[in-house]
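heads up, no residue letters with this:
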DNA sequence: ATAATGTGATTAAACCTTTTATCTTATATG
DNA sequence: CATATAAGATAAAAGGTTTAATCACATTAT
């Protein structure tokens, strides 16, 4: 059986020239190596005939560039767990990377005691973190390895030298939600967080933004009554609804709880959006297929992912940016789960007179 | 600033021993290198102090093992495009790999003229293909590189030496569908394929299995009338429904078209499952959140992915299997989109007497 | 006393590439 | 004609690891 691929040395000896000459012709920018054009074409011929493929390991060893970046997930399993969000993030990074002929390797649950062993072993030119760990001890250890790094969709940590942040404006998103609902006449809104995610920075920022926005709009908001923590299946919806709460709209901190609410509401024959407007955060294709389609805040996650990737590549290539954080504005995808409050509809028609 | 990591050489000189000794103590199985236990512990100490991290590039160059496998997608973009299926596949592979301390790199659209350049450049120990290309020219070129390879969820190609196949039983899946519907009293079923996927082997096998199963069950089936090609949004549904077709059930070749049908049906106030039973292929979390939840054939995709991964790892480690194809049985997740045919309900109650 | 065995340790080759330094010969310039 | 420059080409080091080969010495067996 023919050998799969051959090396520079083999091509060189077959063509009767030096290794340097072959390297130069096939890839090189080496200044002082010069090859006549006749030999060059001969070399190219031989290389093709011998099925030469450069060994990237050797090259990387020499150049200390691997053209590979690592995408680190806190827990990669989460990707198949529901939120389409991470899928789009992954895809956004991948597309940008592939377009620039970089490779992508996926890491999960990096050993926080020895991040160097996972990350500084030579195979990566840089890393993108989704939800970078917040443990300061870890951050410091990681910073020590000096690998170019962009944190995507992660809370900013004070002492994180050399880390660049690409985030979405969670507070702004909450403002969009409240403004939208206010326009539809809603006066009292329930904010729903999720059991296992009460510590998530994004959840907290959305909550804070929510309170802020209600106040800015002059709406009543009482953290005790208007913010609840439910399971991801929103099983608590029925109990809450039974209490005949004053709220006419419900804002779920992510698309998952909002969808859960939709499902529970359906079961109880609560008509969304007639009886209750529902709105979520993270507008993905998933929101289009709920019934009714879910009005939701859109993080420009693809754009964020592209940006983070380009930023990292720039970093790797020595273009250091002075801006260590970039925040992307969110927008609102209005679908069919939000509507005018019935009582308000009357009012507006009177007001129109 | 302290250097991030150090090398064997540095540790060796600091500890006053040879490089070989350090290598042996820290990783080695080298027979003829021997180190006294006192020196060994000294070396370990120094290594920790100097923050030694083995350079995997150098190691791989030497050993020609990278402990990295490539997962090749025909078009990675498809992953965010809808079918949760690929996400679960990816996750299945990743989990299995991570558990065995292998790394995962993702490839997309490998250059079919020069697969060697993408795949045999030294960085991969093996590859898993999702939907391996069927171009025989390419398959041959790829086989030439001699990289261990498992095709996951791909049609078998006759001349593909050295390729192992892990597939799901599409035909069997169609049998499950038809049997289920038959039991519910359906006599005439429509099979819906998708515009851009009419050539997809899976689609064809499901179609063939459908015809086969109908005949086995003694149901009328006419390829002209009972098999249609629609867009992924099932926009043709309305036209079809207007014709008052004889079908009481509809079988979509994947979960996407089936979901599309559900949406269109909703718009037309066609009651699923009362007026029409709908069933799909690929039962993912996505199917749970449609309204009504979609009855669908489940490919054990995680299991398949795990199996494919283990198989590849075995191949890499020289355990050659003699079985070149393994087919996984599918099962049926019965949800709420299928029900007894109204006319049949009458019959059964009579029959029960 | 000599040979055989075992222990502790080192040297150096090999993996394959990139790239600087060096060398030779030919051509152009003064 | 002498010298500077350019072109054509090679040798060799470096990058960090693994590992076979070798060596020195001490201990044990013959």
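Thanks, I have the structure now. Computed from a predicted structure; not experimentally measured.

any low-confidence regions in the stretch 251-353 of chain A?
The stretch 251-353 of chain A contains residues with pLDDT under 70 at A:343-353.

and the residue of it nearest chain B?
With CB to the nearest CB as the measure, residue A:291 is the residue of the stretch 251-353 of chain A nearest to chain B, at 4.1 Å. From N, CA and C alone the C-beta is placed, and that goes for glycine too.

Just give me the neighbour total for residue A:103.
22 (other CB atoms under 10 Å in any protein chain shown).

Ok, residue A:174 next?
Residue A:174 is flanked by 26 other residues according to other CB under 10 Å.

Tell me how far it lies from DNA strand D.
With distances taken as CB to the nearest atom of the strand, to the nearest Å, residue A:174 is found 49 Å from DNA strand D.

quick one: that residue from residue B:294, how far?
For residue A:174, the distance to residue B:294 under the criterion CB to CB, to the nearest Å works out to 33 Å.

Correct me if wrong, but residue A:165 is in a helix.
No - Residue A:165 is assigned strand when assessed by DSSP: H, G, I helix; E, B strand; the rest coil, not a helix.

Quick one: residues contacting the nearest residue to residue A:78 once chain neighbours are set aside.
The shortest distance from residue A:78 to any non-neighbouring residue, by CB to CB, 6 or more residues apart in numbering or on different chains, is to residue A:86 (6.4 Å). Residue A:86 makes contact with A:73, A:78, A:79, A:130, according to CB atoms under 8 Å, 6 or more residues apart in numbering or on different chains.

Make TSV out of these and add pLDDT.
What follows is the contacts of residue A:86, written out as TSV (pLDDT from 0 to 100):
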residue	pLDDT
A:73	91
A:78	80
A:79	83
A:130	88
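
At which residues are the helices of the stretch 1-150 of chain A located?
The residue ranges that make up the helices of the stretch 1-150 of chain A, judged by DSSP state H, counting those that start in this stretch, are A:8-15, A:19-26, A:37-49, A:56-63, A:84-99, A:115-119, A:136-145.

Serialize those to TSV and add fields for mean pLDDT.
As requested, these are arranged in TSV below (pLDDT from 0 to 100):
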stretch	mean pLDDT
helix A:8-15	95
helix A:19-26	94
helix A:37-49	93
helix A:56-63	96
helix A:84-99	92
helix A:115-119	87
helix A:136-145	83
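
Please identify which of those helices is closest to residue A:260.
Distances from residue A:260 to each of those were compared by CB to CB, and the smallest falls on helix A:84-99, at 15.0 Å.

in that closest one, what counts as buried?
A:84-98 (16 or more other CB atoms under 10 Å in any protein chain shown).

Then stretch A:6-15?
Under the neighbour-count criterion of 16+ other CB under 10 Å, stretch A:6-15 has A:6, A:7, A:8, A:10, A:11, A:12, A:14, A:15 buried.

Which residue, other than its chain neighbours, is closest to residue A:335?
residue A:293 (3.8 Å).

tell me which element the one you found is part of?
Using DSSP states H and E, residue A:293 falls within no helix or strand.

Report the contact partners of it.
Applying CB under 8 Å, 6+ apart, we find residue A:293 in contact with A:287, A:335, A:336, A:337.

residue boundaries of the strands in chain A?
Counting by DSSP state E, chain A has strands at residues A:68-73, A:103-108, A:126-130, A:149-152, A:163-168, A:189-194, A:227-230, A:249-252, A:277-281, A:295-298, A:325-328, A:331-333.

out of those strands, deepest packed?
Per-stretch averages of neighbours, counted by mean count of other CB atoms under 10 Å in any protein chain shown, single out strand A:249-252 among these, with a mean of 29.

could you measure residue A:239 against DNA strand C, distance?
Counting by CB to the nearest atom of the strand - residue A:239 and DNA strand C are separated by 66 Å.

How about the contacts made by residue A:324?
A:163, A:164, A:165.

what about 7 Å?
Residues in contact with residue A:324 (CB atoms under 7 Å, 6 or more residues apart in numbering or on different chains) are A:164, A:165.

Tell me how many other residues surround the residue of the stretch 251-353 of chain A closest to chain B.
Residue A:291 - counted by other CB under 10 Å - has 19 other residues nearby.

Likewise for the one 10 residues further on?
For residue A:301, the number of neighbouring residues by other CB under 10 Å comes to 26.

So it sits against residue A:87, correct?
No - here residue A:301 lies out of contact with residue A:87, judged by CB atoms under 7 Å, at a distance of 9.6 Å.

coming back round to it: export the helices of the stretch 1-150 of chain A to TSV and tack on distance to DNA strand C?
Compiled in TSV, these are given as follows (distance: least, CB to the nearest atom of the strand, whole Å):
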stretch	distance to DNA strand C
helix A:8-15	3
helix A:19-26	3
helix A:37-49	10
helix A:56-63	3
helix A:84-99	20
helix A:115-119	21
helix A:136-145	23
